[in-house]
Each structure stands twice: as structure tokens, then as C-alpha cells.
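S.K.: Pasting a predicted model and its sequence here:
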Amino acid sequence: MPLTEVAIKGLKSRDKSYITADSKGLCLQVTATGSKLWRYRYRYLGKARVLALGEYPAVSLAEARD
């Protein structure tokens, strides 16, 4: 299920960082300190890669999707 602004604001930190998926490889990593970081997961030449897109809310949901 795609993320919404309300759902993102409701995400809380845990003991370890975790990832919440949006769609098409876009995901939000929530760290133990409470930071929310946009990540884009993709494959290149058969290897998994991760691209950092920025921190929420500096990079909004709409910007991360673009």
C-alpha cells in the first residue's frame, strides 16, 4: 500500500532502524533516533543497490516519488 503524509508522520522510532515501502522501489527508512530517510532500491547488473534521496520532511513524499 502506498504511503501517505499522515502515515509518514505517524511512524515512530524503534530499537533498530526499519524500512517502510511505498511503491516502485521507493521506501522510507526510520532510524532508531527517529530520523526518516528516503531510499530508492533498484538492481543494476544483477546487484541490489540503494540510492539515498534525502531526509523527510526536507524532501516531501511528492518530491521523492518524482
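M.R.: Arrived safely.

S.K.: Do you have the strands of the protein handy? List them.
M.R.: 18-21, 26-30, 36-44, 47-56 (DSSP state E).

S.K.: pLDDT of the second one, averaged?
M.R.: Along strand 26-30, the predicted confidence averages to a pLDDT of 98.

S.K.: Any figure for the gap between the residue sitting furthest away from the middle of the chain and A52?
M.R.: Distance from the C-alpha centroid of the chain peaks at L45, with 23.0 Å (C-alpha atoms, centre = their mean). The gap separating L45 from A52 is 20 Å, by C-beta to C-beta, to the nearest Å. C-beta here means a position set from N, CA and C on the backbone, and glycine is covered the same way.

S.K.: Now do the contacts for the residue nearest the centre of the chain.
M.R.: Central residue of the chain (C-alpha atoms, centre = their mean): L28, 1.4 Å from the mean position. For L28, the contact set (C-beta atoms under 8 Å, 6 or more residues apart in numbering) comprises L3, I8, L11, I19, T20, D22, K36, L37, W38, R39, Y56.

S.K.: What is the burial count for L51?
M.R.: Neighbour count of L51, defined by other C-beta atoms under 10 Å: 10.

S.K.: who touches it in this structure?
M.R.: By C-beta under 8 Å, 6+ apart, the contact set of L51 is R39, Y40, R41, Y42.

S.K.: Tell me the buried residues in stretch 1-10?
M.R.: L3, I8 (16 or more other C-beta atoms under 10 Å).

S.K.: what comes into contact with it?
M.R.: Contacts of stretch 1-10 (C-beta under 8 Å, 6+ apart): T20, D22, S23, L28, K36, Y56, L61.
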